[in-house]
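Asks: coords please:
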Amino acid sequence: MTGWHGQAQRRHALSRASTRFLQQHAGDFGSGMPPFGFPIRVVFFSGGRLRLPQNDLKLSVGRSERIRRRLLAWYDRHRRDLPWRRRSTDAYAQWVAEVMLQQTRVETVLTYYAPFLRRFPTLGALARAPLEDVLKPWEGLGYYRRAINLHRAAGQLRQDGRPIPSTAAELRKLPGIGTYTAAAVASIAFGERVAAVDGNVARVLARLFGVTEDATSALGRARLTNLATQLLPLRRCGDFNQAWMDLGSMICTPRSPRCGECPLSRECVALRAGQAGSLPLRRQRRPVPVVLTVVGIVVCGERVLVRRRAPRGLWAGLWEFPGQDGLPGANERETARGLVRNLGLRRRSALVRVGELTHRLTHRLLDFRVYRMPVASAHDPASPGVWRWVTAAELQRLPVCTAHRRLWALARATEVDATRAHLSGSGRTMRARGPRAAP
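Replies: Numbering: from 1, shown residues only. Modelled structure (predicted):
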């Protein structure tokens, strides 16, 4: 069952399972309980909406210790061998790793982490580097604002003559460091006793304790963080936080959790209710909007025109080909002609439609319509410093987002196909040539 009624049914099942579990384990919870000796998380209807009591579970010392012991024992046997874990006391290495891991899979980060640290082995090396040099090795990792904030924070610390802060509270004052990243770095590198709750940890805790609030809501996050904080050990807090992360990534996965291999399965409310795969509950996602953009591969001889994006927003600080967002139903070719006119450039020959390409982002789908635009002269449009004429080799060295790398590859491939067709039709043999600047 899906939708609101399906969620209501799952909440009732979890409430019943939670009640049975708490009755059986009444001694595992601390003080502040109702007169009958154990807390019951009852889900009931009020005015047509589901509501839950505001008081949270207070875990007993015995139950908390049992969870800690089982989770750390499992982690010691099954922990993932990740490069940043080999440098657990290096705050800079942990910081870089946690920033890269924001909204990015571990498998992807593994490709970028070591090369980035080879290029910028210390905080000082990162702070001294030009931003463009920092963005280049980040190319393809996405969410480029992370790299900009990392560079900015390194610069601030260098300017102030300060080391990386050792507490989560101080780390949160740096650009680009939120609650989770601060807690992860502080607990792993400095041993601070603070809970780090990311999506993996939230999922495990929601299932373990039958938390039925939306895990992304303020109430849901507060309850899950409260539970994670109660469970923190006196020592090995960094390992404990990473144990939650590994359990969520390896065992308590979003779909088809491997409950039979979970060290905490005997404690799990959602498993008892047969709802382990249904938690945490999340609000329904909105449809992804489609953004239509006409892109110009503007060429003059062996050079192509690119522009640097603004330092904030999508693909901040990266280089791209000029483009114009179009409205549904608008004349595509006329939009392309208007793009050339707006640049103040004079066309040397007719526009050539290269093709189409779609690129999916987290919150939107980009629909590119690509045109080759030969122009008569390579003078810069307005805003010097924003625009640049570059050769193919120079373009390769610039930080460019993945979507526009794909656009460039499409334009180049189309030109090669057209050249082959022309030479085949004329009876000539095409020689292998080096890369040309523009299609």
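
Asks: Assign a three-state SS to the nearest residue to Phe190 once chain neighbours are set aside, would you?
Replies: Closest residue to Phe190 apart from its sequence neighbours, by Cβ to Cβ, 6 or more residues apart in numbering: Ser166 at 4.3 Å. Where you see a C-beta, it was placed from the backbone N, CA and C, and this is true even at glycine. Here Ser166 is recorded as coil under DSSP: H, G, I helix; E, B strand; the rest coil.

Asks: mind listing what Ser166 touches?
Replies: Applying Cβ atoms under 8 Å, 6 or more residues apart in numbering to Ser166 gives the contacts Ala91, Ala186, Ala189, Phe190, Glu192.

Asks: Strands of the chain, start to end?
Replies: For the chain, applying DSSP state E gives strands covering 44-46, 49-51, 290-300, 303-308, 319-320, 323-325, 352-360, 365-374, 387-390.

Asks: Please name whichever of those strands is nearest to Cys268.
Replies: Ranking those by proximity to Cys268 (Cβ to Cβ) places strand 49-51 first, at 21.8 Å.

Asks: quick check: mean pLDDT across the closest one?
Replies: Computed over strand 49-51, the mean pLDDT rounds to 35.

Asks: Equivalent analysis for stretch 281-297, please.
Replies: For stretch 281-297, the per-residue pLDDT averages 85.

Asks: now do stretch 258-275
Replies: Stretch 258-275 comes out at a mean pLDDT of 93.

Asks: could you dump it to PDB, C-alpha only?
Replies: In PDB, the C-alpha atoms belonging to stretch 258-275 read as follows (Å, rounded to 0.1, in the frame of the first residue of the first chain):
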ATOM      1  CA  ARG A 258      20.300  -7.700   5.500                       C
ATOM      2  CA  CYS A 259      18.700  -8.100   9.000                       C
ATOM      3  CA  GLY A 260      20.000 -11.600   9.500                       C
ATOM      4  CA  GLU A 261      23.600 -10.200   9.500                       C
ATOM      5  CA  CYS A 262      22.900  -7.200  11.700                       C
ATOM      6  CA  PRO A 263      24.500  -7.200  15.200                       C
ATOM      7  CA  LEU A 264      21.500  -5.200  16.600                       C
ATOM      8  CA  SER A 265      18.700  -7.300  15.100                       C
ATOM      9  CA  ARG A 266      17.500  -8.500  18.500                       C
ATOM     10  CA  GLU A 267      17.000  -4.800  19.500                       C
ATOM     11  CA  CYS A 268      15.200  -3.700  16.300                       C
ATOM     12  CA  VAL A 269      11.600  -2.500  16.600                       C
ATOM     13  CA  ALA A 270      11.100  -2.200  12.900                       C
ATOM     14  CA  LEU A 271      12.300  -5.800  12.300                       C
ATOM     15  CA  ARG A 272       9.800  -7.100  14.800                       C
ATOM     16  CA  ALA A 273       7.000  -5.200  13.000                       C
ATOM     17  CA  GLY A 274       8.100  -6.500   9.600                       C
ATOM     18  CA  GLN A 275       8.700  -2.900   8.500                       C
END
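
Asks: If you count neighbours, what's buried in that stretch?
Replies: 259, 262-265, 267-273, 275 (16 or more other Cβ atoms under 10 Å).

Asks: Now do stretch 244-263: everything it contacts.
Replies: Residues outside stretch 244-263 that contact it (Cβ under 8 Å, 6+ apart): 70-71, 73-75, 78-80, 106, 196, 198-201, 203-205, 207, 228, 264-265, 268, 271, 276-277.

Asks: Domain parsing of this protein, as residue ranges.
Replies: 3-278, 291-426 (automatic domain parsing).

Asks: Now distance to Gln284 too, for the ones you listed, in CSV please.
Replies: Formatted as CSV, those follow (distance: least, Cβ to Cβ, whole Å):
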stretch, distance to Gln284
domain 3-278, 8
domain 291-426, 15
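
Asks: which stretch among these comes nearest Arg285?
Replies: That would be domain 291-426 among the domains of the chain, by Cβ to Cβ, at 9.6 Å.

Asks: Output the strands of the chain as CSV; include the columns distance to Leu345 and mean neighbour count.
Replies: Formatted as CSV, these follow (distance: least, Cβ to Cβ, whole Å; neighbours: other Cβ atoms under 10 Å):
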stretch, distance to Leu345, mean neighbour count
strand 44-46, 64, 9
strand 49-51, 58, 11
strand 290-300, 7, 21
strand 303-308, 8, 22
strand 319-320, 17, 21
strand 323-325, 14, 16
strand 352-360, 16, 15
strand 365-374, 8, 21
strand 387-390, 11, 18
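
Asks: With distance to Arg397 as extra columns, can I get those in TSV?
Replies: Shown next, in TSV, are the strands of the chain (distance: least, Cβ to Cβ, whole Å):
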stretch	distance to Arg397
strand 44-46	62
strand 49-51	56
strand 290-300	18
strand 303-308	12
strand 319-320	10
strand 323-325	22
strand 352-360	22
strand 365-374	22
strand 387-390	9
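
Asks: Confidence-wise, which of those strands is weakest overall?
Replies: strand 44-46 (a mean of 30).

Asks: need the contact list for the residue sitting nearest the centre point of the chain.
Replies: Taking Cα atoms, centre = their mean as the criterion, Gln103 is the residue nearest the geometric centre of the chain, at 1.8 Å. When the contact criterion is Cβ under 8 Å, 6+ apart, the partners of Gln103 are Tyr143, Thr362.

Asks: Can you say which of the strands of the chain is nearest to Arg152?
Replies: strand 303-308 (16.9 Å).

Asks: strands paired with that closest one, and their directions?
Replies: The strands beside strand 303-308 in its sheet (DSSP bridges) come out as strand 290-300 (antiparallel), strand 319-320 (antiparallel), strand 387-390 (antiparallel).

Asks: Any regions of the stretch 301-439 of the chain where pLDDT drops low?
Replies: By pLDDT under 70, the low-scoring segments of the stretch 301-439 of the chain are 327-330, 380, 382-384, 416-439.

Asks: Distance across stretch 374-392, terminal residue to terminal residue?
Replies: 16 Å (Cα to Cα, to the nearest Å).

Asks: quick one on the thing from earlier: counting only helices, which of the contacts of stretch 244-263 make the cut?
Replies: For the contacts of stretch 244-263, the ones inside helices are 70-71, 73-75, 78, 106, 199-201, 203-205, 207, 228, 271, with DSSP state H as the criterion.

Asks: Quick one: buried ones out of these?
Replies: For these, buried by 16+ other Cβ under 10 Å: 70-71, 74-75, 199-201, 203-205, 207, 228, 271.

Asks: Can you name the two of those that sit furthest apart?
Replies: Farthest pair in these (Cβ to Cβ) is Arg70 and Gly199. Separation: 22.0 Å.

Asks: how about the closest residue to Ala195 other than its chain neighbours, what does it touch?
Replies: Among residues not flanking Ala195 along the chain, Ala228 sits closest, at 3.7 Å (Cβ to Cβ, 6+ apart). If a contact means Cβ under 8 Å, 6+ apart, then Ala228 has Ala195, Ala196, Val197, Val201, Leu205, Trp244 as its contacts.
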